[in-house]
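Trainee: I would like the atomic coordinates for the input below:
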Amino acid sequence: MKSGFQFFVYILLCSDGSYYIGVTNDIERRIMEHNEGVDSSSFTYPRRPIELKFLEYYDDVIKAIEREKQLKGWSRKKKEALIEQNIPALKDLSKKIWSNSSPPVFGPYVSKCRCQTE
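Mentor: Got it, this is the predicted structure:
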């Protein structure tokens, strides 16, 4: 499903040291909502303030949601390697998980997204 909108997959660092991964079509609004505590039942509410650590954007909402789900399944070390753009560590961490088969292919996501880190 293609549209003229852009969709963002983001990683936040919470005040307790945990990470939050989300997807949105308006990153500035969403970061403000996280920091202001709009929803008291949300994961980030008791963990404010938050800090944006990683951002990717997509033209396709389905690919953004797939990427969000993929990142949520990653270990903390692998998320940190992504945030730091440490490609050798990402490859190494992928090999450990997929030692008996090929590591996952990041192609359509990495090659078609524009990434921003701090």
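Trainee: Toward the C-terminus, what is the element adjacent to whichever helix or strand Arg29 is part of?
Mentor: Per DSSP states H and E, Arg29 falls inside helix 27-36. Sequence order places strand 51-60 as the next helix or strand after helix 27-36, per DSSP H and E.
Trainee: Show me what the following helix or strand past that next one is packed up against.
Mentor: Remark: after strand 51-60, the chain's next helix or strand is helix 61-72, criterion DSSP H and E. If you count contacts as 3 or more C-beta pairs under 8 Å, 6 or more residues apart in numbering; DSSP states H and E, helix 61-72 packs onto strand 2-13, strand 19-24, strand 51-60, helix 107-112. (Each C-beta comes from the backbone N, C-alpha and C, glycine too.)
Trainee: In PDB, list the C-alpha atoms belonging to helix 61-72.
Mentor: Listed next in PDB are the C-alpha coordinates belonging to helix 61-72 (Å, rounded to 0.1, in the frame of the first residue of the first chain):
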ATOM      1  CA  VAL A  61       3.000   2.000   6.000                       C
ATOM      2  CA  ILE A  62       3.100  -1.800   5.700                       C
ATOM      3  CA  LYS A  63       6.900  -1.900   5.500                       C
ATOM      4  CA  ALA A  64       7.100   0.500   8.400                       C
ATOM      5  CA  ILE A  65       4.900  -1.800  10.600                       C
ATOM      6  CA  GLU A  66       6.900  -4.800   9.500                       C
ATOM      7  CA  ARG A  67      10.200  -3.100  10.500                       C
ATOM      8  CA  GLU A  68       8.700  -2.000  13.800                       C
ATOM      9  CA  LYS A  69       7.800  -5.600  14.600                       C
ATOM     10  CA  GLN A  70      11.200  -6.800  13.500                       C
ATOM     11  CA  LEU A  71      13.000  -4.400  15.700                       C
ATOM     12  CA  LYS A  72      10.800  -5.200  18.700                       C
END
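Trainee: Run through who's touching the next helix or strand after that helix.
Mentor: In the C-terminal direction, the helix or strand that comes right after helix 61-72 (DSSP H and E) is helix 76-83. Around helix 76-83, the neighbours that count as contacts under C-beta atoms under 8 Å, 6 or more residues apart in numbering are 11, 19, 21, 53-54, 71, 74, 86-87, 89-90, 93-94, 117.
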